[in-house]
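Student: structure for this input, please:
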Amino acid sequence: RDEYEEHLYERKCKAKVCKDILTFTIDPEVCTGCGLCAKKCPTEAIFGEKRQPHQIIEVKCSKCGMCFETCRLDAVQVN
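Tutor: The predicted structure follows:
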């Protein structure tokens with residue numbers, strides 16, 4: 001029941017499996033701007049200058065998780 005209410009009222013999924021309520025973000029304190037995540041993104045939802053922290057355009061993000069899997073520094077966060 002707690003998990004159901006969390007999904008419904010807080011729009012969160014602790015298991016990180018409900019794509020409709022997941023959000024992917026990039027921690028600017030960790031991201032070095034290597035560009036690997038942007039290269040792997042199938043919807044071109046990631047942008048940024050080389051050697052500068054990148055960002056994810058949430059409305060373009062398909063929530064496939066490729067950026068999360070690709071980032072070697074764990075800069076991509078799943079919320």
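
Student: how about the helices in the protein?
Tutor: With helices called from DSSP state H, the chain shows them at 2-5, 36-40, 66-70.

Student: now these as TSV including mean neighbour count?
Tutor: Backbone N, C-alpha and C define where each C-beta goes, glycine included. Compiled in TSV, those are given as follows (neighbours: other Cβ atoms under 10 Å):
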stretch	mean neighbour count
helix 2-5	9
helix 36-40	18
helix 66-70	18
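
Student: closest one to residue 25 among the ones you listed?
Tutor: The closest of the helices of the chain to residue 25 is helix 66-70. By Cβ to Cβ, the value is 9.9 Å.

Student: center of the protein - which residue?
Tutor: Nearest to the geometric centre of the chain sits residue 24, at 2.0 Å (Cα atoms, centre = their mean).

Student: quick one on the thing from earlier: kindly reformat the helices of the chain as a markdown table containing distance to residue 30 and mean pLDDT.
Tutor: What follows is these, written out as a markdown table (distance: least, Cβ to Cβ, whole Å; pLDDT from 0 to 100):
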| stretch | distance to residue 30 | mean pLDDT |
| --- | --- | --- |
| helix 2-5 | 29 | 69 |
| helix 36-40 | 12 | 98 |
| helix 66-70 | 13 | 96 |
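
Student: can you name the residues bridging to the residue nearest to the centre of the chain?
Tutor: residue 78 (DSSP bridges).

Student: who's in contact with stretch 41-59?
Tutor: 23-29, 31-33, 35, 37-38, 60-62, 64, 66-67, 75-76 (Cβ atoms under 8 Å, 6 or more residues apart in numbering).

Student: related to what we said a few turns ago, adding distance to residue 53, write the helices of the chain out as JSON lines.
Tutor: Putting the helices of the chain into JSON lines (distance: least, Cβ to Cβ, whole Å) gives the following:
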{"stretch": "helix 2-5", "distance to residue 53": "33"}
{"stretch": "helix 36-40", "distance to residue 53": "11"}
{"stretch": "helix 66-70", "distance to residue 53": "13"}
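
Student: mind listing what residue 69 touches?
Tutor: Listed by Cβ under 8 Å, 6+ apart, the contact partners of residue 69 are residue 40.

Student: how near is it to residue 40?
Tutor: Per Cβ to Cβ, to the nearest Å, residue 69 is found 8 Å from residue 40.
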